[in-house]
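Undergrad: I would like the atomic coordinates for the input below:
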Amino acid sequence: MKTSSDPRRRVACYWAMGTAWLPFQGEIYKLSCVRVPPNTPFDSLFLIIINEFENKCLTLCRNFTIEPTCRVMTRKFDFLIIGSGVAGMSYALKVARAKKGKIAIVCKTTLEEANTAKAQGGIASVTNLLVDNFEKHIEDTMIAGDFISDREAVEQVVRNAPDGIRELVQWGVNFDKNDDGKFDLHKEGGHSEFRILHHADDTGAEIQRGLMAAVRSNPDIEVLEHHFAVEIITQHHLGVRVTRRTPDIECYGAYILNPETGKVDTYLSRVTIMATGGTGAIYATTSNPNIATGDGIAMVYRAKGKVQDMEFVQFHPTVLFNPKETHPAYLITEAMRGYGGILRLPNGEEFMQKYDERLSLAPRDIVARAIDKEMKIHGLDHVCLDVTHKDPEETKHHFPNIYAKCLSIGIDITKEYIPVCPSAHYMCGGIKVNLDGQSSIRRLYALGECSCTGLHGGNRLASNSLIEAVVYADAAAKHSIEEVDQYEFNEDVPEWNDEGTMTNEEKVLIAQDVKEVGQIMSTYVGIVRSDLRLHRAWERLDLLYEETEHLFKRVKPTRDICELRNMINVGYLITRQALERKESRGLHFTVDYAPHALDKK
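TA: Here you go, the predicted structure:
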């Protein structure tokens, strides 16, 4: 914050949308909410703003290239990170140590709001070498992934997981420990040993808290909240025809919607990181927050990048059944079944013995399909999870947040069953990357849930996703730090053309279309699929696509229409890739094809 004793001698003033931008002594100053009557002559406008400048402290905004009209701005960052979960923040902290240039984290809401914060169960890593080892964790991951996981990716994550845990602890993340000082390990579905580190029943929130504190205290990382990435910038924006067969597509940054001006600004970068999280919000019920609209996947797909394994959508078997809360539905962690919770029908009857010898500890896809089938057989809207046979005080100690949440809606989980149902939870596919986190587009990396590393294959093993984000953030940081010096900012990128207006009626239509996407995906592209249902989804999504693209081309971009556009793109990708897989495999279960049918050809 700075003021000037004599600004008139050295100040040139630009003004737009009630905000003044004043270059002064080599810095750029921002003065918001300048009160100016309509149609004020420029000379009078200049004097009004100069007076404000003399009398107020001003917010310092660095690195802007400003045109005289101040309609659009261009910013330059060596590392541009789109997304603020464990993947994006871990990467930012790692490259900040290298002192290789300016770093920005772009969040479409706040730094706090990310899928990471909703992860309750924990983070998987081999830590107790007396009973566990890397080979067991690798084998568990391959089995859960229905044997189509990339073994190299699996080994990279599993073998580097302990180092990732140590780094999280160094950044201030706390994991629960026993009286002897060792990690208190949980066991979850699909794991052969106790290897899940946790912080009570809000592990993701604790990881998010620790990383946020580290990021906010790092002077080399700039956090831009409530900024929305509209598109990544490639040769296409320079007038070059780019197709999916074009070699050496390059990313030069992103067009980003500025919430203060309503304009789409140009953010140039030498390296761009996509860490935008998952896709759960495209379904009618999800454990994900509303922000999980698949933005990064959709942007990279439109830029002709490679997207893979989108048919593998994981439905968490147990979210709290509460029609008043669907985005997000409250997650009942898998650790509760590892703790001894038993799945039952509302009448108390157990049912998992009909589906898998591991009973309630079977992998998520098996449990979700079993619950879905029981609900359809009996005409139910939920089943139940029972922990009433466990010690009440122990239950409250291990799951304090779940206990409090259920109690808030009148359910004492130490005495009553928890009503649960499946809900869209995790995207196993995404932007295809290599072992360094590089996408098929040069200078663009993808990390976390929006990426497809090959770790998960046909189904994610519980608690593998958080450690995947940390390990791949490390790999991408090491690779990009080595490569960044050979990249230059592309100064030829044009400004975004944001002509157009949007009526209130169009806003209402966008809101309705968002609901329709959720209905289509949940009805036709859910836990159990068929070619008939998938083709019906395709046809309806195609109509929405045509309407939305027509609208997008004639209005100013807003977050709402951009999110709708992304949701439709992601819904299309899930549907198309589900149709292309002519077998039941992992999370993709279809009544038209046998399990592992492609293995038999």
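Undergrad: check contacts around the nearest residue to residue 458 once chain neighbours are set aside.
TA: Of all residues not flanking residue 458 in the chain, residue 586 sits nearest, at 2.0 Å (Cβ to Cβ, 6 or more residues apart in numbering). In short, each C-beta sits where N, CA and C put it, glycine included. Going by Cβ atoms under 8 Å, 6 or more residues apart in numbering, residue 586 touches 145-146, 148, 312, 365, 428, 457-459.
Undergrad: now do residue 294
TA: Neighbour list for residue 294: 276, 278-279, 281-282, 427, 450, 566-567, 569-570 [criterion: Cβ under 8 Å, 6+ apart].
Undergrad: what's the following helix or strand after the helix or strand residue 208 falls within?
TA: Residue 208 belongs to helix 203-216 when assigned by DSSP states H and E. Once helix 203-216 ends, the next helix or strand along the chain (criterion: DSSP H and E) is strand 221-224.
Undergrad: which element follows that next one toward the C-terminus?
TA: Downstream of strand 221-224, the next assigned helix or strand under DSSP H and E is strand 228-233.
Undergrad: for the residue lying closest to residue 492 once chain neighbours are set aside, give its distance to residue 342.
TA: Distances taken as Cβ to Cβ, 6+ apart place residue 238 nearest to residue 492, at 5.9 Å, with adjacent residues excluded. Between residue 238 and residue 342 the distance is 60 Å, computed by Cβ to Cβ, to the nearest Å.
Undergrad: with neighbour numbers in mind, choose between those two.
TA: Neighbour count, other Cβ atoms under 10 Å: between residue 238 and residue 342, residue 342 has more, with 19 against 14.
Undergrad: and the helix holding residue 208, what does it pack against?
TA: helix 86-98, helix 115-118, helix 151-170, strand 221-224, helix 464-483 (3 or more Cβ pairs under 8 Å, 6 or more residues apart in numbering; DSSP states H and E).
Undergrad: and that helix with helix 151-170, angle?
TA: Helix 203-216 and helix 151-170 are oriented at 70 degrees to each other (axes from the mean of the first three to the mean of the last three Cα atoms, to 10 degrees).
Undergrad: before we move on, the earlier item: can the helices and strands packed on helix 203-216 go into CSV with extra columns for mean pLDDT and mean neighbour count?
TA: As requested, the helices and strands packed on helix 203-216 are arranged in CSV below (pLDDT from 0 to 100; neighbours: other Cβ atoms under 10 Å):
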stretch, mean pLDDT, mean neighbour count
helix 86-98, 96, 25
helix 115-118, 67, 27
helix 151-170, 96, 19
strand 221-224, 96, 20
helix 464-483, 97, 24
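Undergrad: quick check: which of these is nearest to residue 269?
TA: Nearest to residue 269 among these is helix 464-483; the distance by Cβ to Cβ comes to 10.7 Å.
Undergrad: dump the closest one to PDB, keeping only the CA atoms.
TA: Output of helix 464-483 as PDB, limited to C-alpha atoms (Å, rounded to 0.1, in the frame of the first residue of the first chain):
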ATOM      1  CA  ASN A 464      -5.000 -43.200  -3.800                       C
ATOM      2  CA  SER A 465      -6.100 -39.900  -5.400                       C
ATOM      3  CA  LEU A 466      -4.600 -37.400  -2.900                       C
ATOM      4  CA  ILE A 467      -1.200 -39.100  -2.900                       C
ATOM      5  CA  GLU A 468      -1.300 -39.300  -6.800                       C
ATOM      6  CA  ALA A 469      -1.700 -35.500  -6.800                       C
ATOM      7  CA  VAL A 470       1.300 -34.900  -4.500                       C
ATOM      8  CA  VAL A 471       3.600 -37.400  -6.300                       C
ATOM      9  CA  TYR A 472       2.700 -36.100  -9.800                       C
ATOM     10  CA  ALA A 473       3.000 -32.500  -8.700                       C
ATOM     11  CA  ASP A 474       6.600 -33.300  -7.700                       C
ATOM     12  CA  ALA A 475       7.300 -35.000 -11.000                       C
ATOM     13  CA  ALA A 476       5.800 -32.100 -13.000                       C
ATOM     14  CA  ALA A 477       7.700 -29.500 -10.900                       C
ATOM     15  CA  LYS A 478      11.000 -31.200 -11.500                       C
ATOM     16  CA  HIS A 479      10.400 -31.500 -15.200                       C
ATOM     17  CA  SER A 480       9.000 -28.000 -15.800                       C
ATOM     18  CA  ILE A 481      11.800 -26.400 -13.800                       C
ATOM     19  CA  GLU A 482      14.300 -28.000 -16.100                       C
ATOM     20  CA  GLU A 483      12.400 -27.000 -19.300                       C
END
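Undergrad: circling back to that earlier point, I'd like the helices and strands packed on helix 203-216 as JSON lines, with distance to residue 599 appended.
TA: Formatted as JSON lines, the helices and strands packed on helix 203-216 follow (distance: least, Cβ to Cβ, whole Å):
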{"stretch": "helix 86-98", "distance to residue 599": "32"}
{"stretch": "helix 115-118", "distance to residue 599": "33"}
{"stretch": "helix 151-170", "distance to residue 599": "17"}
{"stretch": "strand 221-224", "distance to residue 599": "47"}
{"stretch": "helix 464-483", "distance to residue 599": "24"}
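Undergrad: figure out which of those is closest to residue 379.
TA: Taking Cβ to Cβ, helix 115-118 is the member of the helices and strands packed on helix 203-216 nearest to residue 379, at 30.2 Å.
Undergrad: next up, the contacts around residue 257.
TA: Counting by Cβ under 8 Å, 6+ apart, residue 257 makes contact with 227-230, 263-265, 557-559, 562.
Undergrad: redo that, cut-off 10 Å
TA: Going by Cβ atoms under 10 Å, 6 or more residues apart in numbering, residue 257 touches 108, 226-230, 263-265, 496, 498, 556-559, 562.
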